[in-house]
Each structure stands twice: as structure tokens, then as C-alpha cells.
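Q: Can you look at this prediction? I've put the sequence above it.
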Amino acid sequence: MKKHKLIVALDVPTLAQAQKLVETLKDTVEYFKVGKELFTSEGPAVVKMVHDHGAKVFLDLKFHDIPNTVAGAVRSAAKLGVWMVNVHASGGAAMMAEAAQAAAASAKPPLVIGVTVLTSMNEEGLKEIGVAGSAVGEQVVRLARLAKTSGLSGVVASAQEATMLRRAFGKDFLIVTPGVRPAGAAVGDQKRVLTPKDAIAAGADCLVVGRPITESADPKAAAEAILKEMKG
């Protein structure tokens, strides 16, 4: 796959809001993320809408359940024709392997990637859930290694861990990074962030950007500025 993609997060509650963004951005951006809020509110109609505009969908539902259930969810996502779907790497090797197998057996296999450590978490957050004594980077690499050996195409991780991931797993392992913020943009609830330029330099392949684009007075101009920074 061609690298260095910008994925715009459609983190809005309604189909009408999402469609307005897609119509505004479709000539600039090819990839859109559909997450829990929008998919729970509007369902598969959102995926169809994005496809109808000639764009591709990263279905960001972070499946995390017993292996059989996750495999079924991935099969359903594949039937929707999504480009990429994710699961929580902390669900374990068996769960991720069945997800990868379910995707591979589909008529149009989506990429399946594993979520490592959420970009809203830091060492204190890991300690709260019982991962004591590990730096965030160590936990990210540990889960990424499990994802790779389970047959996944890559991982979701902060750009702050992209360099160590690229060093550990080589150029063919997909690194998708949320928590990307242009210089001067509000960080919000993210704790581990980098600018688009620094994220690409660190080794990220795909940058997921939401609010800096979708809440901008001119989303198209905001997206174009980020793409320019990525290419630079």
C-alpha cells in the first residue's frame, strides 16, 4: 500500500454532519475514520455514504471480545467493504489470529490492525489497570510484537512510539497514529502527541486527525495544510 496517508476522523454524532464533512473533503482526502459514536448512532449507512462519495473507510470500533465473537465482527466489517478495521491487541494472540483469519477468508479482505496503548494513556494510566513497572513504549512494543506474530498488518500507536516500532518491525509493518496535532493546535484529552511532520519523520504511515480538521472554520484548508506538512 502507498504510505503516508491522512485519515480524517469523522468523530461527529450524525450522518448529516459526517456527510457534510465528506462532501467538503472528498477531493482532498481519500480516507475517513468511522468510530464508535457515529457508527452506534447511524450504523452501516455511514460506511455506505463514504463509499458512495468514492472514499475509503477505516472502521475504528476496536473489537475486544472472545476470539469467535471478534472473528464474526471482522467478517461483518469485511462485508461492508471497509478498507481497514481494528481490534485491541490486549485481547490476546488467539483473538487477533482469528480476526486475521476471518479477514483473509473474506471476498475483499480488509487490513486488520491492533490497538496497542491508547494515546490518552500514560504510565500512570497503565499502572491503574495493573500494567505496573512498564514504560508506555515497552508495552506498545510488547503488544505490537504479539499483533505481528498473530498475523495482523500493523498497529495503532502514538507517533511517539513510531521510531521504536519501525526499528523493531521493519518497513512493511503498518503504523497508524492518532493523537496528531499541528503546531499550536489544542491537545484536548490526548497525552502523547506529535505534529504531522514529526510523526512522519518518526516512521508513521497513516495519520489520524480529527478535531484540528473537522472543527476548523475551513476543514478543507486545514486538511491541505496537514497534507503539505506530511509531504514536506
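A: Received it, and whenever you're ready, just let me know what you need.

Q: next one: the worst-scoring helix or strand of the chain on mean pLDDT to chain centre, how far?
A: Of all helical and strand segments in the chain, the minimum by mean pLDDT, DSSP states H and E falls on helix 196-202, at a mean of 90. Centre-to-centre, helix 196-202 and its host chain are 16 Å apart (Cα atoms, centre = their mean, to the nearest Å).

Q: Contact partners for residue 22?
A: The contact partners of residue 22, taken as Cβ atoms under 8 Å, 6 or more residues apart in numbering, are 10, 32, 49-50, 53, 55. Just so you know, the C-beta spots here come from the backbone N, C-alpha and C atoms, and that holds for glycine as well.

Q: Just the ones of those residues in helices?
A: In this view, the contacts of residue 22 that belong to helices under DSSP state H are 49-50.

Q: Pairing partners for the strand ranked longest in the chain, with directions?
A: Using DSSP state E, we find that the single longest strand of the chain is strand 56-63. Sheet pairing of strand 56-63 (DSSP bridges) gives strand 31-35 (parallel), strand 84-88 (parallel).

Q: quick revisit: need the contacts of residue 22 in a markdown table with distance to residue 94, can you?
A: A markdown table is the format used below for these (distance: Cβ to Cβ, whole Å):
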| residue | distance to residue 94 |
| --- | --- |
| 10 | 31 |
| 32 | 31 |
| 49 | 35 |
| 50 | 32 |
| 53 | 37 |
| 55 | 33 |
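
Q: May I have stretch 208-220 as PDB, with CA atoms only?
A: Extracted as PDB, the C-alpha positions of stretch 208-220 are listed here (Å, rounded to 0.1, in the frame of the first residue of the first chain):
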ATOM      1  CA  VAL A 208      -5.500  10.000  12.000                       C
ATOM      2  CA  VAL A 209      -6.600  13.600  12.500                       C
ATOM      3  CA  GLY A 210     -10.000  14.700  13.700                       C
ATOM      4  CA  ARG A 211     -10.700  17.900  15.600                       C
ATOM      5  CA  PRO A 212      -7.900  20.100  14.000                       C
ATOM      6  CA  ILE A 213      -9.700  19.500  10.700                       C
ATOM      7  CA  THR A 214     -13.300  18.800  11.500                       C
ATOM      8  CA  GLU A 215     -13.700  21.700  14.000                       C
ATOM      9  CA  SER A 216     -11.800  24.100  11.800                       C
ATOM     10  CA  ALA A 217     -13.600  27.100  10.200                       C
ATOM     11  CA  ASP A 218     -12.200  25.800   6.900                       C
ATOM     12  CA  PRO A 219     -11.800  22.000   7.100                       C
ATOM     13  CA  LYS A 220     -10.500  21.700   3.500                       C
END
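
Q: Would you mind listing the outside residues contacting the longest strand of the chain?
A: Here strand 56-63 makes contact (Cβ under 8 Å, 6+ apart) with 7, 9, 30-36, 39, 47, 50-51, 69-70, 73-74, 77, 80-88, 91, 99, 110, 115, 176, 208.

Q: What's the mean pLDDT across it?
A: If you average the pLDDT over strand 56-63, you get 98.

Q: Mind exporting the C-alpha coordinates of the least confident helix or strand of the chain to PDB?
A: What follows is helix 196-202 as a C-alpha-only set of coordinates in PDB (Å, rounded to 0.1, in the frame of the first residue of the first chain):
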ATOM      1  CA  PRO A 196       2.300  15.700  11.400                       C
ATOM      2  CA  LYS A 197       5.800  16.400  10.200                       C
ATOM      3  CA  ASP A 198       7.400  14.800  13.300                       C
ATOM      4  CA  ALA A 199       5.000  11.800  13.100                       C
ATOM      5  CA  ILE A 200       6.100  11.100   9.600                       C
ATOM      6  CA  ALA A 201       9.700  11.600  10.400                       C
ATOM      7  CA  ALA A 202       9.400   9.200  13.300                       C
END
